[in-house]
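1. just need the structure, nothing else, for what follows:
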Amino acid sequence: MIHQKNKETIRFILDRFKKNGFQAYIVGGAVRDIMLQRTPDDFDVLTNASIQEIQSLFGDQKIKTVGKTFPVCIVNGVEISSGRAAFDIASFPESDLAKRDFTINAMACDFITKKIIDPFNGKKDLEDTIIRFTRDPEKRIHEDPVRMIRACRFAAMIDGSFSLSSLKVILGNKDLLDGSVAKERIHHEVIKAMALERPSLFFRALKKTGLLNKIFPSLDRCHGLDGGPHHGETVFDHSMLVGDALSSRFPILRLAGFLHDTGKFDAAKIDKGKLTFAGHENHTRALVHDLTILRFPVKDIAYIKALIKTHMRPLTDQTTPKAARRLLAMLDKHGLDYRDFMRMRIADKKGNLAKRPYTVSEIRIRLKKLFNEINGQAAFQMNCLKITGNDIIQVVGLAPGPQVGRIKQMLFEKVLDDPELNNYDDLKKLCLSWQAKTGLL
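-> I've put the predicted structure just below:
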C-alpha cells in the first residue's frame, strides 16, 4: 500500500539513521493507514537524533527546518521530528507516543524490521473501531481543544465510535471551542472531513458530542426538523444524504450539500395545515455567519451561498428553451457553472427518500436542454448584448445614469426570450419603441 518512490525515500532515511547509531520510526497517521490497508498521504518520522544531528546527517539532501517552538526537519519531502529534547531517551519512542492525541495515532513502525511499537493498544482500538484519547483524555483536550473535532473526523474515517471516557470528556469540555481556538484550524478539519467516504458520519459525531452547535449552529438546529410532506426524512437527515451523494473531488460543493437546507429552519411555517419551507433558499444569513466565523474565504462563502440560492430553480423534461436560457442567465449572474448546479440537483433528488433518484436518461434530457442553448451561443449576461451603454445613450439621447442600466436590463430580458433579437438593429428598434411607449426619455 506504499508507493515505490515513497518506500525508497523512507528506507533511505531510516537506514541512514541506523547506520549512524540513531533510532528512527514511522509514526502516527501513516502507521494507522497502513494497518487500514490504505495508501498514506504522507509520512512522519520520529528519531532520537537532535535537530542539529538531523541537519548534519542529511546536509547532502534536500532539507529545510520549519517551526520555532517545535522545529522539525523536512528531508526529501518527509517530515522528521526529534524526541530527544523533550523526552527521556531511555523510553524512546514510547515517551513521545504518549503525547499523541489518540491511541490509533500513537503507534510507531520500524520500516526495516516491520516491528510495531504499540504501547497504548492502538491496533486493538483500530480493530474495534474505537476512538480513545491517549492516556489522560482531559489533558489531551486541554493541550489542544481542536482534538475534539479531530476525534469526530477519525471516528467518521473508521466508521467507529468513542470510548465512554472519551465521549464523556468531550461533552464536558465542548465549551473550550468558544475560547481562543484558531477558527482557521476548525475550518481545516471541516474541509479534511469532506474527503471522507461518508462525511455525514463526521457531522453525526459532532452532533453526538455537542460540538455541532459550536461549529454549525445553523445546521444543528435542523436536527429533528420535519422534512415536510414532500420528504420521507428530516431536514438534517436529508442534508446528510445529499452531502454524501456529492463527490469528494469537490470539497466546497460537497460542504454546500450538507448545508444547503439550513434556511428551512427560518422559513418553516404552517400553510393550510401543511408544513412548508417556501423561499428557504433565500434564508442564508445564519449559515453565512457560521462560515464567516470559521474564516472561510469570501469566494467560498459566495459560492456556497450561490449554490443554495439556485438549487430550487426548476429544470425538468418540460423546461422550454426560454426557461433554460433564463436558468443559465441566473447561474451566470451567481458565478456558477451549470455542472455544479446539476451535481447539486442530482444529489438533492437522491437525498429525498420520498422520491426516486434521477435516472441516467432523465439527467441526459436535462443536460441536453442546457447544451442546446449553450451551443446556440445565446446571451446569458448583459455584457453579451450587441449594443453598449454608449450606443443606448446616442440612440435615445440620454445622459449617462441609472436609466441606461434599466434599459439594458429590459433588452436583456427580451433577448433571453428571443435570442434572434440580439443584433444591433433590433436592439435599437426596441430602445426607440420603449422610449415611445413610456414617454420617459
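2. my guess is residue 57 meets residue 49, correct?
-> Yes - because the distance of 6.8 Å satisfies C-beta atoms under 8 Å, residue 57 is recorded as touching residue 49. Just so you know, the C-beta spots here come from the backbone N, C-alpha and C atoms, and that holds for glycine as well.
3. common neighbours of those two, please.
-> In terms of C-beta atoms under 8 Å, 6 or more residues apart in numbering, residue 57 and residue 49 are both contacted by the residues 17, 20, 22.
4. quick one: which of those residues has the most company?
-> residue 17 (21 neighbours; other C-beta atoms under 10 Å).
5. contact partners for that residue?
-> Under the criterion of C-beta under 8 Å, 6+ apart, the neighbours of residue 17 are 23, 24, 47, 49, 57.
6. my guess is it is in a helix, correct?
-> Yes - remark: residue 17 belongs to a helix, assigned using DSSP: H, G, I helix; E, B strand; the rest coil.
7. give me the pLDDT for it.
-> In this model, residue 17 is scored at 95, pLDDT.
8. what do you get for residue 441?
-> You'll see residue 441 listed with a pLDDT of 46.
9. same question, residue 86
-> 47.
10. ok, so of the shared contacts of residue 57 and residue 49, who is nearest residue 128?
-> Minimum separation from residue 128 among these (C-beta to C-beta) is found for residue 17, which lies at 33.2 Å.
11. got the residue ranges for the strands in the stretch 1-150 of the chain?
-> Using DSSP state E, counting those that start in this stretch, the strands assigned to the stretch 1-150 of the chain run over residues 24-27, 44-47, 63-66, 72-75, 78-82, 108-109, 116-117, 130-131.
12. output those as TSV; include the columns mean neighbour count, distance to residue 152 and mean pLDDT.
-> As requested, the strands of the stretch 1-150 of the chain are arranged in TSV below (neighbours: other C-beta atoms under 10 Å; distance: least, C-beta to C-beta, whole Å; pLDDT from 0 to 100):
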stretch	mean neighbour count	distance to residue 152	mean pLDDT
strand 24-27	25	22	94
strand 44-47	23	22	94
strand 63-66	12	28	93
strand 72-75	20	26	94
strand 78-82	20	24	93
strand 108-109	24	25	94
strand 116-117	16	26	94
strand 130-131	24	8	98
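13. just send those strands back as CSV, with distance to residue 232 too.
-> Putting the strands of the stretch 1-150 of the chain into CSV (distance: least, C-beta to C-beta, whole Å) gives the following:
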stretch, distance to residue 232
strand 24-27, 46
strand 44-47, 45
strand 63-66, 51
strand 72-75, 51
strand 78-82, 48
strand 108-109, 47
strand 116-117, 47
strand 130-131, 31
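14. which one of the ones you listed lies closest to residue 149?
-> Nearest of the strands of the stretch 1-150 of the chain (C-beta to C-beta): strand 130-131, 11.9 Å.
15. so what strands line up beside the closest one?
-> strand 161-162 (parallel) (DSSP bridges).
16. quick one: residue 437 and residue 225, what's the gap?
-> Computed as C-beta to C-beta, to the nearest Å, the residue 437 to residue 225 distance reads 49 Å.
17. between these two, who's got more neighbours?
-> Neighbours were counted for residue 437 and for residue 225 using other C-beta under 10 Å; residue 225 has more, 19 against 8.
18. contacting residues for the more buried one?
-> Going by C-beta under 8 Å, 6+ apart, residue 225 touches 234, 235, 236, 264, 265, 268.
19. among those, which lie within helices?
-> Among the contacts of residue 225, the members falling in helices (DSSP state H) are 235, 236, 264, 265.
20. surely the first one meets residue 263?
-> When you say that, I think you mean residue 235. No - using C-beta under 8 Å, residue 235 makes no contact with residue 263, being 9.9 Å away.
21. need the contact list for residue 105.
-> Contact analysis of residue 105 by C-beta under 8 Å, 6+ apart lists 28, 29, 32, 122, 134, 154.
22. now, the residues you listed that are in helices?
-> Assigned to helices by DSSP H, the following of these qualify: 29, 32, 122, 154.
23. measure the second one to residue 157 for me?
-> According to C-beta to C-beta, residue 32 and residue 157 sit 9 Å apart.
24. repeat for residue 415
-> Distance of residue 415 to residue 157, given as C-beta to C-beta: 51 Å.
25. repeat that for residue 324.
-> With C-beta to C-beta as the criterion, residue 324 and residue 157 are 41 Å apart.
26. could you work out the most separated pair of the contacts of residue 225?
-> 236 and 268 (13.1 Å).
27. the two: who's more crowded?
-> Here residue 236 and residue 268 are compared on neighbour count by other C-beta under 10 Å; more neighbours surround residue 236, at 25 against 18.
28. which ones are touching the more buried one?
-> With contacts defined as C-beta under 8 Å, 6+ apart, the neighbours of residue 236 are 219, 222, 223, 224, 225.
29. cutoff 6 Å now
-> With contact set as C-beta atoms under 6 Å, 6 or more residues apart in numbering, residue 236 has these partners: 222, 223.
30. before we move on, what about residue 238?
-> The contact partners of residue 238, by C-beta under 6 Å, 6+ apart, come to 227, 231, 351.
31. who's in contact with the last one?
-> By C-beta under 6 Å, 6+ apart, the residues touching residue 351 are 238, 241, 242, 245.
32. isn't residue 265 right next to residue 221, touching?
-> Yes - the pair formed by residue 265 and residue 221 meets the contact definition of C-beta atoms under 6 Å, at 5.0 Å.
33. give me the subset of the contacts of residue 351 lying in helices.
-> Assignment to helices by DSSP H places the following of the contacts of residue 351 there: 238, 241, 242, 245.
34. distance check, the first one against residue 204.
-> Which is residue 238. Separation of residue 238 from residue 204 (C-beta to C-beta) stands at 14 Å.
35. also the last one?
-> Going from residue 245 to residue 204 by C-beta to C-beta gives 16 Å.
36. can you say which of the strands of the stretch 1-150 of the chain is nearest to residue 346?
-> Between residue 346 and the strands of the stretch 1-150 of the chain, the shortest gap by C-beta to C-beta is with strand 130-131, which sits at 32.9 Å.
37. count of neighbours near residue 279?
-> Taking other C-beta under 10 Å as the neighbour definition, residue 279 ends up with a count of 11.
38. from residue 31, how far out is residue 309?
-> Taking C-beta to C-beta as the measure, residue 309 falls 45 Å from residue 31.
39. neighbour count for these two, which is higher?
-> Shown here are residue 309 and residue 31; by other C-beta under 10 Å, residue 31 has more neighbours (27 against 18).
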